[in-house]
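Peer 1: Sequence and predicted structure are below.
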Amino acid sequence: MKSKSRFTRNDAELVLISLPTVIWYVLFTYLPMFGIVIAFKNFRPLPRASFITSLIKSDWVGIQNFKFLFATPDAWIMMRNTLAYNAVFIVLGIIVPVTLAIMISQLYSQRLAKVCQTAMFLPHFLSWVVVSYFLFAFLSTDKGLINRTIQSLGKDLITWYAEPKYWPYILVLLNMWKTVGYGMVVYLAGISGIDQSLYEAAIIDGATKLQQVRHITVPMLRPIMIIMFILSVGRIFSTDFGLFYNIPRNSGAIIGVTQTVDVYVYKALMSMNNIGFSSSAAFLQSILGFITITTANLIVRKIDPESSLF
Amino acid sequence: MAKNKNKVLTSGVERFNRVSLPTNILFSLVFILLALLTVIPLIFVIIVSFSSAESVRKIGYSFVPLEWSLSAYRYLFDLRQVVGRSFLVSIGTTVVGTIIGLFLNSTMGYVLSRRSFALRKHFTLLIFIPMLFSGGLVSTYLINTQVLKLGNTYWALILPIAVSSFYIIVLRTFFQTTIPDSLVESAQIDGASQLTIYSKIVMPISLPALATIGLFLTFGYWNSWFPAMLYIQSSHQHMYPLQYVLMSIEKSIQFLTDNAQFLITQEALRSIPQESIRMALVVIVVLPIACSYPFFQKYFISGLTIGAVKG
């Protein structure tokens, strides 16, 4: 092997091939990372100056933007919503797909399993925009199927898009509806990779089906579960923008239970035009996300070095 | 799949070890119910799109409309200059984006798969850091619009989502396991440059992996609306992809009819079946996906499985 310190013609060619992608990374990921300092500035676009010049010339204001942000009730509400929804998503996002994957692998009919699994994978391929219309067909106040059914039973109509109390359930259910098929695929791949002789040995020892699941299937799936866990904990300060923006149809009446950090950052930037608020919220999201994913990984590495992500 | 093989090998054991019949029936019912829950909303929306405006007005969205009608699709066809345009934007960004994305992801994936590459560690770090830390929406938006000048361009719909570290890792893992260093070295002895090796040897034998990533990209672009929402202002509605037309449909129906006044009469304008038009657009957006994904599913699954290998 050639020594690592020598930069050969071969290396130069490889750098050349990957140059477009390196440039992409610099422009679309690293440049914005430096742009994050905007959260500590009183940013004003200067006339006839480039963005970078404006950014450099605008005043440092320390944590003033953050102080202003947390003086508004919005900040606490969006933080609470983000963390609460993600906590539920993380727990259900592991328990439900694992359970369903184990159940579907037990069906007698392989064909039924395949058909059901394919159907349940469908929502993964749909955008939230499309899903919001699916939901609207059921929940629309005057034309929706549910209200028309309620009407025919002679009960009072529900203005779904204005009633906060239903939305935590709707959002959690819809998120499960869209993601569970994907999770099942991941865990089914794990199940099919388990050495069958483990089960044979267990049968000889007289283990029941439930004991086999508890002592073989679940432990063998643990590494995948841990990786999925680290990844979702790392994203605990981010939410699926489409779920929280498109599904509630941007309805103001239910904002208290639907607004998450991502939705807030978008609105503060595009509708309120408040760069101070939006950039400080976005900064917190980036930094806290980075801290949580590295911490989660560190803890896992301490307990079970094999399963850690990096 | 692998399960079938196991079935042949261990059919005796499997028969002995399977769940009881009542459990099987219960589980089957659960999965039939779950499968219906995912498919029924789609069927419902298809039915609504074929309902007449009169029926929707009288009994709302229903599985059994009073009257079937093609009028929503006829209106969309009348508006083909406008709807067709965003259809072309969707197809165009999907095709161009997939090609660019395949190029950018596979070149980096190939370079990272070469163990002898001197900067391998540095480049791995380069693609790994953005997986942990990002500049966030505000800074990304300002850089893309102010520095890179992507606002109101088709590039804004294509470039920001062309590369993903996940895709690169999947491709790298694939190249590492299928293209031995000895193959590359012997080609180099024959005088081939890395560029020739990449394009003439690596690409042709990596078609399955490229198909997988190509599909991820294709579905990603077809379903994308966020870049349009951020970077295309309402003064440039002709650049909206279908997904975003659908999202801003209230405004869009206005826009469609404003632009189509010379195409249809005022009287016809008033009787536009707005409700069904929305659902017809949903059907147009979803049907290509719903019809094709069952056939491509196995490529997706193989991509997810390769991606799960850590490294």
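Peer 2: Cool, got the structure.

Peer 1: Please make it C-alpha for all contacts and neighbour counts, starting now.
Peer 2: Fine.

Peer 1: Any stretches of the chain with poor pLDDT?
Peer 2: Reading this off chain A. Using pLDDT under 70 as the threshold, the predicted model of chain A has low-confidence ranges A:1-5.

Peer 1: I was after chain B.
Peer 2: For chain B, the stretches with pLDDT under 70 are B:1-14, B:250-272, B:307-311.

Peer 1: Strands of that one, start to end?
Peer 2: When secondary structure is read from DSSP state E, chain B shows no strands.

Peer 1: Which residue ranges make up the domains of it?
Peer 2: B:18-70, B:74-308 (automatic domain parsing).

Peer 1: want to throw those domains into JSON lines with mean neighbour count and distance to A:Thr53?
Peer 2: Converted to JSON lines, the domains of chain B look like this (neighbours: other Cα atoms under 10 Å in any protein chain shown; distance: least, Cα to Cα, whole Å):
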{"stretch": "domain B:18-70", "mean neighbour count": "18", "distance to A:Thr53": "51"}
{"stretch": "domain B:74-308", "mean neighbour count": "18", "distance to A:Thr53": "11"}
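
Peer 1: Of those domains, give the one that comes closest to A:Arg148.
Peer 2: Nearest to A:Arg148 among those is domain B:18-70; the distance by Cα to Cα comes to 6.9 Å.

Peer 1: just checking, A:Gln117 touches B:Ala35?
Peer 2: Yes: A contact is recorded between A:Gln117 and B:Ala35 when judged using Cα atoms under 8 Å, the distance being 7.5 Å.

Peer 1: Using TSV, please lay out the domains of chain B together with distance to chain A.
Peer 2: Shown next, in TSV, are those (distance: least, Cα to the nearest Cα, whole Å):
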stretch	distance to chain A
domain B:18-70	4
domain B:74-308	4
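
Peer 1: so can I have JSON lines of the ones you listed showing distance to A:Ile247?
Peer 2: Rendered in JSON lines, the data for those read as follows (distance: least, Cα to Cα, whole Å):
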{"stretch": "domain B:18-70", "distance to A:Ile247": "14"}
{"stretch": "domain B:74-308", "distance to A:Ile247": "11"}
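
Peer 1: how about those, which one is nearest A:Ser105?
Peer 2: Judging the domains of chain B by Cα to Cα, what sits closest to A:Ser105 is domain B:18-70, at 10.1 Å.

Peer 1: roughly how far is the closest one from the heart of the chain?
Peer 2: 24 Å (Cα atoms, centre = their mean, to the nearest Å).

Peer 1: Stretch A:299-308 too?
Peer 2: Here the centre of stretch A:299-308 is set off from its chain's centre by 22 Å, with Cα atoms, centre = their mean.

Peer 1: residues contacting B:Val96?
Peer 2: By Cα atoms under 8 Å, 6 or more residues apart in numbering or on different chains, the contact set of B:Val96 is B:Ile158.

Peer 1: let me redo that: A:Ala281
Peer 2: Under the criterion of Cα under 8 Å, 6+ apart, the neighbours of A:Ala281 are A:66, A:69, A:261, A:265.

Peer 1: Point out the ones among the residues you listed that are inside strands.
Peer 2: For the contacts of A:Ala281, membership in strands holds for none, with DSSP E as the criterion.

Peer 1: ok, and which of these reach chain B?
Peer 2: The residues of these that also fall near chain B, by Cα under 8 Å from any Cα of the partner chain, are A:Val265.

Peer 1: which one of the contacts of A:Ala281 sits closest to chain B?
Peer 2: For chain B, the closest of those turns out to be A:Val265, at 7.4 Å, with distances computed as Cα to the nearest Cα.

Peer 1: correct me, but that closest one touches B:Leu137?
Peer 2: Yes: A contact is recorded between A:Val265 and B:Leu137 when judged using Cα under 8 Å, the distance being 7.4 Å.

Peer 1: what's the longest helix in chain A?
Peer 2: With DSSP state H applied, the helix covering the greatest number of residues in chain A is identified as helix A:73-104.
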